[in-house]
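In: return atomic coordinates for the entry below.
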Amino acid sequence: MDSAIPQKILLVESNPRAIETLIDAFVGRFDCNITCVSTAEDALDVDMLEPHSIVVADTELDGMDALTMAMRLTELNPRPIIMLDSNPNVANVVEAMRAGVVDYFAKPVDINVLLESMDNALADYQAYRELQGRHQKMRGLVRRVIRERRELNQRVELICKDLVGAHKRLVMRVLDGHDGVEVG
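Out: Numbers count the residues shown, from 1 in each chain. A predicted model of the protein is given here:
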């Protein structure tokens, strides 16, 4: 993904060889800053302080399980999460997708397929954020239009009251002027 701002990748992996391989691949493909942690708890702590664009996580973590981590990370920020699993099964994949995971790979993973998935996920996430930004601007414009419409309605109401008052005064003058005069 081409972007002026470096991507922030959170890698949750405890195997040093896997970390080295993944970091080399990420740096070769993306303009990125990579944060590596080995536990789900550390991932949550780090991401709360500095949100990441994408998370790549091993499912075999000490402490909190990877699915709980994925759900909590998604609650903090609905960015793409990709899981890597040595022993995947259909139930785990389904649960991961329900937890907000965008892709789930069996280990050993084909690095090029992983990088392509990350590229697509980051592009989708960028499009999602841009759409959210446009929606936010649109909501602001709608609020402004509603506020201005209310103000305009108040002004029109005031003008109508002034016209009605002026009309009453005019009618009273006309009636007062005709009191002693016969018409006809």
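
In: need the helices for the protein, in chain order.
Out: Secondary structure of the chain (DSSP state H): helices at 16-29, 40-49, 66-76, 90-98, 111-177.

In: can you say which of those helices is nearest to residue 7?
Out: Nearest to residue 7, of all the helices of the chain, is helix 111-177, at 6.1 Å by C-beta to C-beta. Placement of C-beta: from N, CA and C, glycine included.

In: tell me where the protein is predicted with low confidence.
Out: 1-5, 178-184 (pLDDT under 70).

In: could you redo the last one with a cut-off of 80?
Out: For the chain, applying pLDDT under 80 flags the ranges 1-6, 177-184.

In: pick the most buried one from the helices of the chain.
Out: helix 66-76 (a mean of 19; mean count of other C-beta atoms under 10 Å).

In: export it as CSV, just CAs?
Out: Extracted C-alpha coordinates of helix 66-76, given in CSV (Å, rounded to 0.1, in the frame of the first residue of the first chain):
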residue,chain,number,x,y,z
ALA,A,66,-5.9,-14.6,20.8
LEU,A,67,-9.7,-14.4,20.1
THR,A,68,-10.3,-12.4,23.3
MET,A,69,-7.4,-10.2,22.3
ALA,A,70,-8.9,-9.7,18.8
MET,A,71,-12.3,-8.8,20.2
ARG,A,72,-10.8,-6.3,22.6
LEU,A,73,-8.6,-4.7,20.0
THR,A,74,-11.6,-4.4,17.7
GLU,A,75,-13.5,-2.7,20.5
LEU,A,76,-10.6,-0.2,20.8
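
In: returning to that earlier point: out of the helices of the chain, which gets nearest to residue 55?
Out: If we rank these by C-beta to C-beta, the stretch that ends up nearest is helix 66-76, at 5.9 Å.

In: that's all I had, so thanks and see you.
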